[in-house]
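*Asks:* next input, structure requested:
(one chain, ligands or ions: 1)
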Amino acid sequence: MIVDIRVLRRDFPTLAQIVNGHSLVYLDNAATTQKPQAVLDALNHYYRDTNANVHRASHALSGQATRAFEQAREKVARFIHAPSPREIIWTRGTTEAINLVAFCFGRHFLNAGDEILVSASEHHANIVPWQQVAAATGAVLRVIPLTDSAELDMAAAEQLINERTRLLAVGHVSNALGQVNPIAKLIAMAKAVGAVTLIDGAQAVGHFPVNVQALGCDFYAFSGHKMFAPTGIGVLYGKTEWLEKMPPWQTGGEMIKTVSFEHTQFAEAPFKFEAGTPNIAGAIALGAAVDYLLDLDRAALQRHEHELLTQLLNGLAAMNDIRVIGRPQAGAVSFTMDEVHPQDLATLLDMQGIAVRTGHHCAMPLMQALGLKNGTARASFSFYNTADDVAALLAGIDKARELL
Ligand code: PMP
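*Replies:* This is a model prediction of the structure:
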């Protein structure tokens, strides 16, 4: 291990806290990650020294703000290997990014009988917008089911992807189970029938490098706050071909070329999709998070996260009353304890300063398919977690068992 995690942890002020009398063990990174000082500094610097609106560069500060804002777009484009920053649209997060595609693509390009294909493990953010599109257009929502080991059933996917499939919308990594879906294969299958592809990358970008060109997807959505940036900023990558064809959704200032009472001419993408004053500070801080990540040895961090995952899975496997759900590969491990409600377990862990999440993880259909009425407890990693964190969780579960 080339990177010293103990040194890296000093970049994240939140991690140094005492919670309920114990050093914080933060294992809720799939919900949101902590922020490094570099991101906090970028936010502070913008509001303290540069604060001005963008794209109205008639004075020095607005020129600076615009440059920093557009540089952040370029950084994000490089981060996911998008061919051009013009293919990067700022949104509030993954949810808004998917809703943008649902509105601008789904409602305008889908017709009755067209099929939208999602998977059984999707987050609600990649289900509900498509249900709404189906209701509005007469398109049909189809679902790739799970195998007995809770992975996507690729044989069923092969049957489901046909000439009626117009859109494939799947998650890169399941937030509930930490499984990496075979999206390259799914994208290739979808492209072979001429379907458009959208990938929900919310749980991927913070864990491993993503290359949208290599994937060949039409759209890729993610949230800043799950990759060390602030809340309220996210990204939709979209291929120029689609961004040119799609109409805008929200309208008003910033997204126009000319306006008269008779007619409005819209700006080009990406601005066409960014009505109103954007989250300038958030975008700049997301750019700072990208800089921070790209400065690190990401392959080493990925190996480190994998070691943590193996340590946790081995520890849980030695507990007879614990069942791990699915085959976790990145970020999150979902588990249940016999006869114990996940929330009771989480409360006893919280008393020991250990933060995990419980419930359905915004994936009710998945929990239903798995027969998990009360959901699961989920521990989710980031690279700043340590072997001591995993050991604390395992010991915490033992202690909870004693108390129950
Ligand atoms: N998709 C996945 C896989 C997620 O994990 C999340 C966040 N839990 C979302 C979508 C929604 O992200 P946001 O709430 O940041 O819009």
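*Asks:* tell me where the stretch 1-150 of the chain has strands.
*Replies:* 18-19, 22-23, 25-26, 88-91, 115-119, 140-144 (DSSP state E, counting those that start in this stretch).
*Asks:* oh, that last question was meant for the stretch 251-400 of the chain, not what I typed.
*Replies:* Under DSSP E, counting those that start in this stretch, the stretch 251-400 of the chain gives strands at 256-259, 264-266, 322-324, 332-337, 354-355, 357-359, 376-380.
*Asks:* of those strands, which stretch is the most buried?
*Replies:* strand 376-380 (a mean of 29; mean count of other CB atoms under 10 Å). No exception for glycine: its C-beta is placed from N, CA and C like everyone else's.
*Asks:* contact partners of that strand?
*Replies:* Here strand 376-380 makes contact (CB atoms under 8 Å, 6 or more residues apart in numbering) with 27-31, 176, 178, 312, 325, 331-337, 342, 345-346, 349, 356-359, 361, 367, 393.
*Asks:* low-confidence bits of this structure, can you list those?
*Replies:* Applying pLDDT under 70 to the chain flags the ranges 1-2.
*Asks:* which bits of it sit near the ligand?
*Replies:* 30, 93-95, 123, 125-126, 171, 175, 200, 202-203, 223, 362 (CB under 6 Å from any ligand atom).
*Asks:* distance check, Phe69 against Ala369.
*Replies:* 42 Å (CB to CB, to the nearest Å).
*Asks:* out of the two, which sits in the busier spot?
*Replies:* More neighbours surround Phe69 than the other of Phe69 and Ala369, with 23 against 15 (other CB atoms under 10 Å).
*Asks:* thinking again about what came up before, so which of the strands of the stretch 251-400 of the chain comes closest to Asp114?
*Replies:* strand 264-266 (25.7 Å; CB to CB).
*Asks:* name the residues of stretch 56-71 that are buried.
*Replies:* Across stretch 56-71, burial judged by 16 or more other CB atoms under 10 Å covers 62, 64-66, 68-70.
*Asks:* between those, which is closest to Thr386?
*Replies:* Of these, the one sitting nearest to Thr386 (CB to CB) turns out to be Ala68, at 33.8 Å.
*Asks:* which residue packs closest to that closest one, ignoring adjacent ones?
*Replies:* Spatial nearest neighbour of Ala68, chain neighbours left out: Ile284 (4.9 Å); criterion: CB to CB, 6 or more residues apart in numbering.
*Asks:* same check on Phe228?
*Replies:* Closest to Phe228 by CB to CB, 6+ apart is Ala289, at 4.3 Å.
*Asks:* I'd say the one you found and Met227 touch.
*Replies:* Yes: Ala289 is within contact range of Met227, at 5.9 Å (criterion: CB atoms under 8 Å).
*Asks:* and the residue lying closest to His361 once chain neighbours are set aside, backbone torsions?
*Replies:* Leaving aside its chain neighbours, His361 sits nearest to Ala176 (4.0 Å; criterion: CB to CB, 6+ apart). Here is the backbone geometry of Ala176 (degrees, to the nearest 10): phi -80, psi -30.
*Asks:* so who does Ala176 touch?
*Replies:* 121, 123, 325, 332, 334, 360-363, 366-367, 376, 378.
*Asks:* just the helices in the stretch 251-400 of the chain please.
*Replies:* Here the stretch 251-400 of the chain has its helices, by DSSP state H, counting those that start in this stretch, at 280-294, 298-317, 342-350, 364-369, 387-403.
*Asks:* how far away from the center of its chain is the third one?
*Replies:* The reference is to helix 342-350. Between the centre of helix 342-350 and the centre of its chain there are 25 Å (CA atoms, centre = their mean, to the nearest Å).
*Asks:* one more: the shortest one?
*Replies:* For helix 364-369, the distance between its averaged C-alpha position and the chain's averaged C-alpha position is 19 Å (CA atoms, centre = their mean).
*Asks:* so which bits of it are buried?
*Replies:* Buried, per 16+ other CB under 10 Å, within helix 364-369: 365-367.
*Asks:* outside of that helix itself, list whatever touches it.
*Replies:* 120-122, 124, 127, 143, 145-146, 174, 176-177, 360-361, 373, 375-376.
*Asks:* now the buried members of these.
*Replies:* Looking at those with 16+ other CB under 10 Å, the buried ones turn out to be 120-122, 124, 127, 143, 146, 174, 176-177, 360-361, 375-376.
*Asks:* now for the residues you listed: which two are most distant?
*Replies:* Val143 and Thr376 (20.3 Å).
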